[in-house]
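1. my questions are about this predicted structure, shown below with the sequence.
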Amino acid sequence: MEHNIIVNESCSNLRALARHSLSGRWNLALMGTLVYFALTTIPVLLLNAIFAEGESNQAGISSVYNLVIAGPMILGYAMFCISIFRKRETSPSEVFYGFERFTKAFGLYLVVMLFTFLWTLLFIIPGIIAALRYSMSFYILADNPDIGIMEAINRSKVMMRGNKWKFFCLNLSFIGWAFLCVFTFGIGLLWLMPYMENAFIAFYDIANGSLRAVRSLETNASLINESEEANI
């Protein structure tokens, strides 16, 4: 990818595209998200229960578990939500897809976290910019499983040129929903997470050229229909 597409779509339109993609598939999205949370939180709770509070190895074991599964789970959930957004057949089991590409998923997570951490050492702002720069890496790897880790990162860097502020604003647009989730003791995340992920994928598909940008909510339907025809 030698050039990038600037995403001029409004955050409200990107969220509308996400809601459209989830229409009639919310139950599927909720089940996949539940699988994701089950694998990322329940084992940690069990580990914390097994080891008495205060034991020196308790935090270490939980951290190692999170480190090992984070990459594959992020990749699998990205693939699952990409299938939902593009109206492909899928099931909650697709969340496990990342374990089929464990080495790359694990490696990509480590490299992205390392690069982001190193930039954060300079100051918090460079760290945020770095996180935005690498934010498309897992979507790119999900779409292109044969490319290498650094290729996914480099493609993300190119894709995000001129798009980092828009993606930052898209993330911020969900703050109100995230705040409301606090009052549901986290249960609301089962709805918020697929909503956010599909909005991010709408951004990604416009940025990679597979989804033609629209200018108003009234044209969303024709845009999505064209995208669906391209996937048939």
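-> That came in fine, so what should we check first? This structure is a prediction, so every number in the text was calculated from the model and none was measured.

2. switch to C-alpha atoms for all contacts and neighbour counts from now on
-> OK.

3. any idea which helix is longest in this protein?
-> The longest helix of the chain (DSSP state H) is helix 56-85.

4. so what does it touch, helix or strand wise?
-> Contact partners of helix 56-85 among helices and strands, from 3 or more CA pairs under 8 Å, 6 or more residues apart in numbering; DSSP states H and E: helix 11-22, helix 26-50, helix 97-100, helix 102-122, helix 137-143, helix 189-207.

5. that helix: how far from the chain's middle?
-> Centroid displacement of helix 56-85 relative to its chain, using CA atoms, centre = their mean, to the nearest Å, is 12 Å.

6. which parts of that helix are buried?
-> Using 16 or more other CA atoms under 10 Å as the test for burial, helix 56-85 gives 58-59, 62, 66, 68-85.

7. same deal with stretch 18-38?
-> Quick answer for stretch 18-38 (16+ other CA under 10 Å): 18-22, 26, 28-30, 32-36.

8. likewise stretch 86-94?
-> Buried, per 16+ other CA under 10 Å, within stretch 86-94: 86, 87, 90, 92, 94.

9. leaving out chain neighbours, which residue sits closest to the third one?
-> Across the structure, with CA to CA, 6 or more residues apart in numbering as the measure, the residue nearest residue 90 apart from its sequence neighbours is residue 83 (6.3 Å).

10. that neighbour reaches residue 94, doesn't it?
-> No: using CA atoms under 8 Å as the test, residue 83 is too far from residue 94 to be in contact (9.0 Å).

11. hmm, back to that, quick one, the longest helix of the chain and helix 26-50 angle?
-> 170 degrees (axes from the mean of the first three to the mean of the last three CA atoms, to 10 degrees).

12. tell me the mean pLDDT for helix 56-85?
-> Taken as a whole, helix 56-85 has an average pLDDT of 89.

13. tell me where this protein is predicted with low confidence.
-> For the chain, the stretches with pLDDT under 70 are 1-2, 51-59, 213-232.

14. okay, now residue 122: neighbour count?
-> 10 (other CA atoms under 10 Å).

15. so how far is residue 130 from it?
-> According to CA to CA, to the nearest Å, residue 122 and residue 130 sit 11 Å apart.

16. now residue 50
-> Residue 50 is 37 Å from residue 130, where distance means CA to CA.

17. who touches the spatially closest residue to residue 173 that is not a sequence neighbour in this structure?
-> In this structure, residue 173 finds its nearest non-sequential neighbour in residue 11, 7.2 Å apart by CA to CA, 6+ apart. By CA atoms under 8 Å, 6 or more residues apart in numbering, the contact set of residue 11 is 166, 169, 170, 173.

18. swap in residue 92?
-> For residue 92, the contact set (CA under 8 Å, 6+ apart) comprises 28, 29, 31, 32, 33, 35, 80.
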